[in-house]
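Sequence isn't available, so here's the structure alone:
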């Protein structure tokens, strides 16, 4: 079966599952099986699987649905409760720390068949390729359900993105608390860390991609009978020019206590213009090496980032197109420790929220239904999540 047959709504065969791979790039490591090579003891070809069709996601928190319980960011009442934002922790179901929300990309896409979310918040590449990991879970699923697309988000934790965000935020907050805007500017140190980790992360992530290929092969799928899609990461922050709380003076205090984006201008510019594109470029390289498709979503949250000039605090009457689509940072920092009372989990910070995940789902749906190839998906101020712009990506 050709990939175009799997995705053609008029094809005689049923649609196969979509699994989106978000990865930071990696040098290809040989696994026990070569891509597309069936083992002598493999189960019958994937084309013969009689179970229901499914769309499957693998990887980390950006695709598992972390922060999906927040529908925008709003101000706090005196009792610390949040109005118009918290959908409740029940949206994560019984997934525990994996935080697989009901609005996760694979769920929001609304593709034909079932939606299977095997991703887990905090996952690194090893959580995909280790024994019993996500690749093994995929292999088991592929024997019971007809899978046509594999989509994955991976790499941020291998590069310690959480540590980068934390160090940059601490640098701004401590400088603000001491009355100095100088503080600690993180971008030089963090760029060195990213560069030092990139080669190892790239190799490890590629190993995870190889494990996914091998899992599908072991389940009886030829390389042409399903699609493998790797996606980049969306930027949760605008650059300094697009930030409503940038500038000096009293607004710097509001940038932290109201905006939830405690970052220096130069650090924001570095993250938006250097870090996010660098990771996207790495992922694209991995996709090319693995003969996979690439979905570029680094501009997906444009106009809806945390502290973006064109977005607003959420209210009960506001439309999604007016809100922020990523979870802001709302910590207090005392005596060297983060404290997050009543504001949600630290892990949710800087992740696509309910609306951001709906936008990701729309991108996935467009990518899958428009045919084989690379694509790019971008947001714009004032638009709804299902109106983000999808287009074919050319070199």
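Looks like it arrived, so ask away. Remember, it's a predicted structure, so these values are computed and weren't measured experimentally.

Just give me the neighbour total for residue 247.
Burial of residue 247 is recorded as 13 neighbouring residues (other CB atoms under 10 Å). Where C-beta positions appear, they are placed from N, C-alpha and C, glycine not excepted.

Past the helix or strand of the chain with the lowest mean pLDDT, which element shows up next along the chain?
Across the helices and strands of the chain, mean pLDDT, DSSP states H and E gives its lowest value to strand 20-22, namely a mean of 32. Where DSSP states H and E defines the elements, the next helix or strand beyond strand 20-22 is strand 53-59.

which residues are contacting the next helix or strand after that following strand?
Later in the chain than strand 53-59, the nearest helix or strand by DSSP H and E is helix 61-64. Outside helix 61-64, the residues within contact range by CB atoms under 8 Å, 6 or more residues apart in numbering are 20, 22, 57, 95, 98-101, 104-106, 117, 119-123, 151-153, 156-157, 231, 233-234, 347, 351-352, 360.

Among those residues, name the buried ones.
The neighbour count (16 or more other CB atoms under 10 Å) marks 20, 22, 57, 95, 98-101, 104-106, 117, 119-121, 123, 151-153, 156-157, 231, 233-234, 347, 351-352, 360 as buried among the contacts of helix 61-64.

Skipping adjacent residues, who's closest to residue 390 in space?
residue 366 (3.8 Å; CB to CB, 6 or more residues apart in numbering).

One more: residue 307?
Distance criterion CB to CB, 6+ apart; nearest residue to residue 307, sequence neighbours excluded, is residue 261 at 3.8 Å.

residues touching that neighbour, list them.
By CB under 8 Å, 6+ apart, the contact set of residue 261 is 237, 243, 245, 255, 268, 306, 307, 328, 329.

What mean pLDDT does stretch 232-249 get?
The average pLDDT within stretch 232-249 is 89.

buried ones in it?
The neighbour-count check on stretch 232-249 (16+ other CB under 10 Å) flags 232-240, 242-246 as buried.

and residue 314, how many neighbours?
Number of residues near residue 314 (other CB under 10 Å) recorded here: 23.

er, residue 317 actually
7.

got it, and residue 143?
Neighbour tally, residue 143, other CB under 10 Å: 17.

so it makes contact with residue 215?
No: assessed by CB atoms under 8 Å, residue 143 is found out of contact with residue 215, at 10.2 Å.

Give me the neighbour count for residue 319.
Neighbour count for residue 319, taken as other CB under 10 Å: 9.

Please list all residues in contact with the spatially closest residue to it that is not a sequence neighbour.
Nearest residue to residue 319, sequence neighbours excluded (CB to CB, 6+ apart): residue 384, at 7.2 Å. Contact partners of residue 384, counting by CB under 8 Å, 6+ apart, are 319, 320, 321.

Phi and psi next, for the last one.
Main-chain dihedrals, residue 321, degrees, to the nearest 10: phi -70, psi -10.

separation between it and residue 226?
Separation of residue 321 from residue 226 (CB to CB, to the nearest Å): 35 Å.

Check the first one too.
As defined by CB to CB, residue 319 lies at a distance of 37 Å from residue 226.

for residue 52, same thing?
15 Å.

between these two, who's got more neighbours?
Just comparing residue 52 and residue 226: by other CB under 10 Å the higher neighbour count belongs to residue 226, 26 against 12.

Could you pull up phi and psi at the residue lying closest to the more buried one once chain neighbours are set aside?
Spatial nearest neighbour of residue 226, excluding adjacent residues (CB to CB, 6+ apart): residue 148 at 5.1 Å. Main-chain dihedrals, residue 148, degrees, to the nearest 10: phi -120, psi -20.

Residue 148 contacts residue 228, correct?
No: between residue 148 and residue 228 there is no contact under CB under 8 Å: 10.4 Å.

who has more neighbours, those two?
Between residue 148 and residue 228, residue 148 has the larger neighbour count (other CB under 10 Å), namely 29 against 23.

State the distance from that one to residue 320.
30 Å.

got it, and residue 277?
Distance, residue 277 to residue 320, by CB to CB: 26 Å.

which one of the two has more residues nearby?
residue 320 (20 against 15).

Pull the contacting residues for residue 67.
Counting by CB under 8 Å, 6+ apart, the residues that residue 67 touches are 99, 101, 326-327, 344, 348-349, 351-354, 356-357.

Now do the SS call for it.
Here residue 67 is recorded as coil under DSSP: H, G, I helix; E, B strand; the rest coil.

what's the neighbour count on residue 160?
Counted with other CB under 10 Å, residue 160 comes out at 17.

Export the contacts of residue 384 to JSON lines and append columns for distance to residue 376 and pLDDT.
Shown next, in JSON lines, are the contacts of residue 384 (distance: CB to CB, whole Å; pLDDT from 0 to 100):
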{"residue": "319", "distance to residue 376": "25", "pLDDT": "88"}
{"residue": "320", "distance to residue 376": "22", "pLDDT": "91"}
{"residue": "321", "distance to residue 376": "20", "pLDDT": "93"}
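
can you list those residues in CSV and add distance to residue 205?
Listed next are the contacts of residue 384 as CSV, based on distance: CB to CB, whole Å:
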residue, distance to residue 205
319, 37
320, 32
321, 34
